[in-house]
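1. any chance you could fold what I've pasted below:
(one chain, ligands or ions: 1)
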Amino acid sequence: MSFPAGFRWGVATSAYQIEGAARTDGRGPSTWDTFATVPGAVANGDTGDVAADHYHRWAEDVRLLVDLGVDAYRFSLSWSRILPDGRGRVEQRGLDFYRRLVEALLGKGIEPFITLYHWDLPQALEDEGGWRARDTAHRFADYAALVHESLGDVVRNWTTLNEPYCSSIVGYGEGRHAPGAREGHGALAAAHHLLLGHGLAVRAMRANALAEQEFGIVLNQSPTVPVTDSPADVAAASRQDCLLRRQFTDPLFGAAYPDELTSMFGDITDFSFRHDGDLAVIGEPLDYVGLNYYYRLHVADAPHREPDPAKRTAHDIGVDTTRLPDVPRTGMGWPVEPAGLTTALTDLKARHPDLPPVYVTENGCVYPDVEGFEDAERISYLRDHIGAAAAATGVDLRGYFCWSLLDNFEWAHGYKHRFGLVHVDYETQQRTPRASFHWYRSFISQARR
Ligand code: IFM
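-> This next block holds a predicted model:
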């Protein structure tokens with residue numbers, strides 16, 4: 001494997017998953033604070049109230065990053081820590097927290113990659129319609145401009161959204177994530193408004209940007225594979241691909257929504273949320289795109305769960321994704337298919353030849369812990385996936401971020417699944433690097449030679 005000079009080696013986390021301190025220093029509630037208290041929404045009734053207590057232990061976590069030898073750290077900001085009501089009143093203690101973190105990273109030669117939104121919408125904005133409402137896109141741009149004004153002197157890399165598919169279709173369609181809605185029109189409107197908010201935010205930040213600053217977005221990209229070559233399964237795989245990938249990548253990099261999206265959902269929405277001029281905003285040129293990869297989706301045709309289109313959610317597209325191939329699986333039950341990462345990268349480039357430079361912004365796995373945290377399976381997963389990324393010929397790949405630095409709150413799964421290179425004992429908050437931590441450190445150091 002060879003990597004170009006300047007290739008970034010990093011790890012990633014997100015605010016709600018690690019920070020805890022949910023009611024500290026004026027932080028307002030987010031949709032995940034609310035959703036986590038809904039009975040049955042999160043395994044074991046877990047919440048992000050304490051998580052890995054990173055808000056108080058950030059200095060120790062920076063020391064871990066230094067020890068790991070990464071030169072980049074991707075993390076998200078909590079919108080409601082900075083704007084407790086989503087707009088208006090600014091909580092300076094929130095901004096100060098992130099400045100301390102950024103300055104400590106820079107002091108150690110670690111480049112901060114900020115993500116402005118990783119799924120935790122201020123609850124006050126959800127109460128006004130959340131991402132269903134066009135106004136939320138404007139509030140997001142205001143928030144982005146505020147943070148950029150505050151941290152723009154020290155932060156070079158600015159990602160708007162993490163995985164807008166999850167914030168829209170999983171949150172407002174499937175209901176598995178906050179805010180737990182099961183809607184058709186509302187979920188598709190949310191997807192559009194997230195993209196609009198992204199474009200508005202990039203424009204707002206660029207208006208005051210330093211020349212060296214870069215702006216991008218992070219997308220989850222699971223290639224879809226039909227389980228047979230029957231026309232029905234092939235069509236089902238195409239619908240899945242349209243919902244998960246092309247709904248986002250086509251307007252971002254191709255200036256239009258896919259016709260297939262319009263025909264798939266003509267029964268459940270009139271798309272009245274799309275306004276003239278929106279595509280130009282959404283298609284604002286980017287400096288990079290982040291790609292998150294965990295697994296391929298194996299898709300079979302299936303009946304809609306809800307036969308009445310008037311009641312159908314945007315997640316109900318007549319596909320079955322449970323028929324997995326006979327390959328090893330991670331502790332999440334996800335098939336281990338490193339070649340899917342090569343395909344995800346090369347597919348995106350093939351569909352959009354003018355694609356900006358790419359980072360793999362998340363990739364990682366969960367396995368049950370063994371004695372001494374000797375996580376050999378994670379090591380082989382990471383090695384094989386890094387190799388698969390390196391094999392993506394023709395893609396201008398600039399870096400790789402492992403998910404995740406620490407064990408953390410894995411959304412609806414609570415704390416059951418552990419993605420960390422570092423084990424966290426949630427009783428004591430003791431951090432213990434796993435074998436994969438030491439492996440990644442030595443891999444990075446060799447890759448740089
Ligand atoms: O933990 C999540 C992360 O927040 C977003 N991408 C996928 C990860 C693993 O499920």
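2. measure stretch 368-387 end to end?
-> 24 Å (C-alpha to C-alpha, to the nearest Å).
3. from the rest of the structure, what touches it?
-> 1, 293, 330-331, 336, 338, 341, 363-365, 367, 400, 402, 418, 421, 423, 432-436, 439-440, 443 (C-beta atoms under 8 Å, 6 or more residues apart in numbering). The C-beta positions use only the backbone N, C-alpha and C, and glycine is treated the same way.
4. from these, which would you call buried?
-> Buried subset of the contacts of stretch 368-387 (neighbour count, 16 or more other C-beta atoms under 10 Å): 293, 330-331, 336, 338, 341, 363-365, 367, 400, 402, 418, 421, 423, 433-436, 439-440, 443.
5. spell out the secondary structure type for Ala52.
-> coil (DSSP: H, G, I helix; E, B strand; the rest coil).
6. tell me the pLDDT of the residue lying closest to it once chain neighbours are set aside.
-> Once flanking residues are discounted, Ala52 sits nearest to Ile18: 4.4 Å by C-beta to C-beta, 6 or more residues apart in numbering. Looking at Ile18, its pLDDT stands at 99.
7. distance-wise, check Ile18 relative to Asp120.
-> Per C-beta to C-beta, to the nearest Å, Ile18 is found 12 Å from Asp120.
8. equivalent analysis for Thr393, please.
-> 37 Å.
9. compare the two and say which is more crowded by neighbours.
-> Asp120 (26 against 9; other C-beta atoms under 10 Å).
10. what residues are up against the closest residue to that one other than its chain neighbours?
-> Closest residue in space to Asp120, ignoring its immediate chain neighbours: Ser30 at 3.9 Å, by C-beta to C-beta, 6+ apart. Counting by C-beta under 8 Å, 6+ apart, Ser30 makes contact with 16, 78-80, 120-123, 178.
11. also Val202?
-> With contacts defined as C-beta under 8 Å, 6+ apart, Val202 is in contact with 160, 215, 284, 286.
12. just those that are near the ligand?
-> Checking the contacts of Val202 against the ligand by C-beta under 6 Å from any ligand atom, not one of them is in range.
13. in strands only, show me those.
-> Judged by DSSP state E, strands contain the following of those: 160, 215.
14. output the contacts of Val202 in CSV; the columns should cover neighbour count.
-> Compiled in CSV, the contacts of Val202 are given as follows (neighbours: other C-beta atoms under 10 Å):
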residue, neighbour count
Thr160, 27
Phe215, 23
Glu284, 17
Leu286, 21
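15. between the contacts of Val202, which is closest to the ligand?
-> Thr160 (15.0 Å; C-beta to the nearest ligand atom).
16. three-state assignment of the closest residue to that closest one other than its chain neighbours?
-> Using C-beta to C-beta, 6+ apart and skipping residues adjacent in sequence, the residue nearest Thr160 is His198, 4.3 Å away. Under the three-state scheme (three-state DSSP), His198 adopts helix.
17. with the contacts of Ser30 in mind, which one is nearest to the ligand?
-> Tyr16 (8.5 Å).
18. wait, is that closest one part of a helix?
-> Yes - inclusion of Tyr16 in a helix is indicated when three-state DSSP is applied.
19. which ones are touching it?
-> Residues in contact with Tyr16 (C-beta under 8 Å, 6+ apart) are 30, 32, 48, 51, 78, 118-120, 409.
20. rerun at 7 Å
-> Counting by C-beta atoms under 7 Å, 6 or more residues apart in numbering, Tyr16 touches 30, 32, 48, 78, 119-120, 409.
21. what does the protein put close to the ligand?
-> Counting by C-beta under 6 Å from any ligand atom, the chain comes close to the ligand at 14, 17, 163, 292, 362, 403, 410.
22. most distant residue from the middle of this structure?
-> Within the chain, Ser230 marks the point farthest from the mean C-alpha position, 32.6 Å out by C-alpha atoms, centre = their mean.
23. return stretch 353-363 as PDB; C-alpha atoms alone will do.
-> What follows is stretch 353-363, C-alpha atoms only, in PDB (Å, rounded to 0.1, in the frame of the first residue of the first chain):
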ATOM      1  CA  PRO A 353     -15.700  13.000 -12.800                       C
ATOM      2  CA  ASP A 354     -15.200  16.500 -11.300                       C
ATOM      3  CA  LEU A 355     -15.500  15.200  -7.800                       C
ATOM      4  CA  PRO A 356     -13.400  17.200  -5.300                       C
ATOM      5  CA  PRO A 357     -10.700  15.400  -3.300                       C
ATOM      6  CA  VAL A 358     -12.000  12.700  -1.000                       C
ATOM      7  CA  TYR A 359     -11.300  11.600   2.500                       C
ATOM      8  CA  VAL A 360     -12.500   8.300   4.100                       C
ATOM      9  CA  THR A 361     -14.000  10.100   7.100                       C
ATOM     10  CA  GLU A 362     -15.300   7.000   8.900                       C
ATOM     11  CA  ASN A 363     -14.600   3.300   8.800                       C
END
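24. which residues sit against it?
-> Contacts for stretch 353-363 (C-beta under 7 Å, 6+ apart): 8, 12, 74, 218, 253, 286-294, 341, 345, 348-349, 385, 389, 395-403.
25. residues of it that come out buried?
-> Under 16+ other C-beta under 10 Å, the buried positions of stretch 353-363 are 355-356, 358-363.
26. of these, which belong to strands?
-> Those of the buried residues of stretch 353-363 mapping onto strands are 358-362, per DSSP E.
27. contact partners for the residue of the stretch 201-350 of the chain found nearest the ligand?
-> Proximity of the stretch 201-350 of the chain to the ligand (C-beta to the nearest ligand atom) peaks at Asn292, 5.3 Å away. Asn292 sits next to 163, 218-221, 361-362 when contact means C-beta under 7 Å, 6+ apart.
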